[in-house]
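Participant: the amino acid sequence is not available; the structure is as follows:
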DNA sequence: TGGAATTGATAAACCGGTATAGCTCCCGAA
DNA sequence: TTCGGGAGCTATACCGGTTTATCAATTCCA
C-alpha cells in the first residue's frame, strides 16, 4: 500500500485538494461537517504530510539544527550535552519539529555547516553553544538571516536571542560558601578563556575576593582537559602557601584534581576542599563524593527550544531569557580548613 | 539577495531548466562546453540545491536518522555515543547526508518515531543501537520498508544489515588474560539480559569457564546503573569465597565497583583485579587506572554509516560487516591474585 | 545518398503539498 | 427586484527541483 496523498483523500471525500488542505490544517474555508468527514478519512487512510512537499510550498522545514564544535574525545564524558539535547527535544517535540545534530572539529567547520544549512533550506533555525568572546558565529548567522538562540551567555545588544544562567551568581554562591567555612586561600582552575562563561566566572571571583577577605584567589585557565586539570592541581598543591580549597570549572577536571590530591597525600576534605562547577554522575561516583554546582540542564535545553521557536515565528523581537539559578549540592569534598 | 534557483541559472546561461539540472548532476544530455558554462555560472551565483525540492522530485531526502532509547541520565556519561555519533557523521559527510538524532524514553516511543519518519519521508534510513533479544524494532522496520543497519549484533537470518564486533572473542580475551594471571574465581557484573550483547558475553564466559579451570564464574545481571553495580560488588565481596577478579560490563559500573572495594578495604589490584568491558576517560581518571577493553567506536560508527548508505542504494542485499576486534588495554587494576 | 542512430537540447509533466483567485449559492438589506 | 456579501468550495498557479517525451541537427553506415 503506497502512502496516501491529499489528492487521494480528496477523491475519496469527493472534494478538491484545496478543501482537504484547509480541513487538515484547521483553517477556515470548509464547513464543520466537511472538515469532520475529511479528517476521518485522513485518519482511516493514516495520512501524514510529506515533509518535503510542505517545506517546498511554505518556507519552513520543521527542523532545527545544532552544531557542537568540539573534538569528539572531550565530548561525551559530560552528561551536559546529553541532558541538553533531551531538553531541546522535549521543547521541540510539542510542535513535532525535528533536530539535526552535528559534531564538528572547530568553529570554521561549524560556520560552513550553517552556510550549507541556510542555502539548502535544511533548518529553520539553530541553537548555539559555547559562546566565545567576539564570537564570529554571531555575525555570520545574522548575515545568513538564520534564526538562532545562544545557550549560556547573553549575546549583547543587537545580538541573537539567548537563554542564560547567571554564572556570576553561581560563582559567588560557591566562594561565599567556602569563605563561610573559613577558607581564605581559594584557587580556581578555570576553562579556556575564550569562552564567555569562563571570563564571567573569573571576574566574579576576582570581584568578590576583597569583600570576602580572601588572601589569594588566582584563576588559572586550562583547556578543560583532565591532563591540564591535574597538572595545575599538582602545581597548586606544591606551593608553600597552598590553597585550602579549589574550584574546578568542570567535573572532569575536579575528578582529576582529586586524584592528584590523593596521590600527593593531601586529604580531601581534611586538607583540601574541592568544588566542581558542574554536576554529573562522575562527582557522585567519587570517594569522597564531590560538592558540585548543579544546573537544570534539561530545562536549559527545553527553554532554548522554546525561545528558538518563538524567534523563528517572529524574528524581529530578540528574547533574552534567564533560566533558574544553579544550586550548590554539598557532598563530602568540602569542610572547614584544618 | 535572494537565493538563486536553477531557473535563474537557466536564464543567465540562456538554456532550459532541464539542461541546468543535467549539468549540475553530472548526467548526460548536455555538451561538455555547456556543462562547463552552467557550472561556472552556478558557482558564481553560489547556487545550492533546495533540499526539500530535491526530496520532492526524487524520493530521497539525503538524511538518515538515529534514535537512542535510554533515559537521558544514563546517557552521556559514556563517551560511547559521542564517539559513535562522530563516526557516523564522518561516514555520512562524504556524501553530505545529514543526521537526525532523537533521544527517547523507551522502545515504544522509538518505534513511533520510525513510523513518523517513514510516513513523513524525513529520513532515507536509520541506524539502530542496543539490539535486544527478539527486538520488535526489526519487524517494524521491515514492515515500514525503511532501510536500516544494526550496530552491534548480527540481526540473524533474513534480518537487517549490521555492523558488529565479536563480543564472544572480547570476553574470551579478558578471561583468558585473568586466568593466565592465575585467577580462578572470576565474577561478571553484566548489563541487562535483554540486550543481545549481554547474552553473548554471559554465554562466552560460561562456555570458557571449564576449559580455563575456573572454580566459579557467575554472571550477575544489572540495569547498567552505578547503584546496582555497587550493590552487586558489595555482595560479591562479602562472600567467604569472594572472587579475586571482577569483570564489569560498563566503565561506570567498574568505577562504582572500585569505590566499593576501597570502602571495604579490599585493595585493588592486590586483593581484587578489576576489568571494565568498555573504555573511556573514566577508567583513566581512576586510581588505580582500570584495565579495560577498548573498542574503536568512531570506526564502528563510520562503518555503520557506510553500510547504511549501501543498503539505501541497494535494499536487496543485506550486509553484515564485522569490525576490527576490540583490544584489552592493561592498566593498574589487574595483577596476579594474592 | 538515404535512412537510422546519436547528440544536445527544450518543453512540459510531475512530486505533494499551500495559497489564492474566482465561482456558485443563499441570505438579508435597500 | 436587485445588489452586496459571506460561506463553502473548486480550479489553478506555485514552490524548486527531476525526469521524460519530443525534436532538430548532426553523424554514421550500408
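Facilitator: Arrived safely, thanks for sending. All figures in this text were calculated on a predicted structure; none of them were measured in a lab. Residues are numbered from 1 along each chain as shown, chains lettered A, B, ... in the order given.

Participant: residue A:266 falls within a helix, correct?
Facilitator: No - Residue A:266: not assigned to a helix; according to DSSP: H, G, I helix; E, B strand; the rest coil it is coil.

Participant: and stretch A:146-163, average pLDDT?
Facilitator: Mean per-residue pLDDT for stretch A:146-163: 81.

Participant: give me the distance between the two termini of that stretch.
Facilitator: 17 Å (CA to CA, to the nearest Å).

Participant: now swap in stretch A:293-301 and tell me
Facilitator: Termini of stretch A:293-301 sit 18 Å apart (CA to CA).

Participant: just the buried residues of that stretch, please?
Facilitator: Applying a neighbour-count criterion of 16 or more other CB atoms under 10 Å in any protein chain shown, the buried positions in stretch A:293-301 are A:293, A:295, A:296, A:297, A:298, A:299, A:300, A:301. C-beta: built from backbone N, CA, C; applies to glycine.

Participant: contact partners for the fifth one?
Facilitator: Spelled out, it's residue A:298. Listed by CB atoms under 8 Å, 6 or more residues apart in numbering or on different chains, the contact set of residue A:298 reads A:83, A:84, A:86, A:87, A:90, B:72.

Participant: ok, and the closest non-adjacent residue to the fifth one?
Facilitator: This points to residue A:90. residue A:302 (5.3 Å; CB to CB, 6 or more residues apart in numbering or on different chains).

Participant: give me every residue in the stretch 101-250 of chain A lying close to chain B.
Facilitator: A:101, A:102, A:103, A:116, A:119, A:120, A:121, A:122, A:226 (CB under 8 Å from any CB of the partner chain).

Participant: and the residues you listed, which is closest to residue B:165?
Facilitator: Comparing those against residue B:165 with CB to CB places residue A:103 closest, at 22.0 Å.

Participant: in a strand, the closest one, correct?
Facilitator: Yes - under three-state DSSP, residue A:103 falls within a strand.

Participant: wait, a strand at residue A:67?
Facilitator: Yes - Residue A:67: assigned to a strand according to three-state DSSP.

Participant: bridging residues for it?
Facilitator: residue A:102 (DSSP bridges).

Participant: chain B versus that one, what's the distance?
Facilitator: The gap separating residue A:67 from chain B is 11 Å, by CB to the nearest CB, to the nearest Å.

Participant: what are the ranges of the helices in chain A?
Facilitator: A:6-13, A:17-24, A:32-44, A:51-57, A:79-93, A:107-120, A:136-144, A:167-181, A:196-211, A:226-238, A:251-263, A:281-285, A:297-313 (DSSP state H).

Participant: distance to residue B:33 added to these, as a markdown table?
Facilitator: Listed next are the helices of chain A as a markdown table, based on distance: least, CB to CB, whole Å:
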| stretch | distance to residue B:33 |
| --- | --- |
| helix A:6-13 | 42 |
| helix A:17-24 | 43 |
| helix A:32-44 | 51 |
| helix A:51-57 | 32 |
| helix A:79-93 | 48 |
| helix A:107-120 | 27 |
| helix A:136-144 | 34 |
| helix A:167-181 | 60 |
| helix A:196-211 | 53 |
| helix A:226-238 | 58 |
| helix A:251-263 | 59 |
| helix A:281-285 | 63 |
| helix A:297-313 | 44 |
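
Participant: poorly predicted segments of the stretch 151-300 of chain A, please.
Facilitator: Within the stretch 151-300 of chain A, the stretches with pLDDT under 70 are A:155-158.

Participant: the closest residue to DNA strand D within the stretch 101-250 of chain A: what's it in contact with?
Facilitator: For the stretch 101-250 of chain A and DNA strand D, the shortest gap (CB to the nearest atom of the strand) falls at residue A:121, measuring 7.8 Å. Residues counted as contacts of residue A:121 (CB under 8 Å, 6+ apart) are A:55, A:59, A:61, B:50, B:51, B:52.
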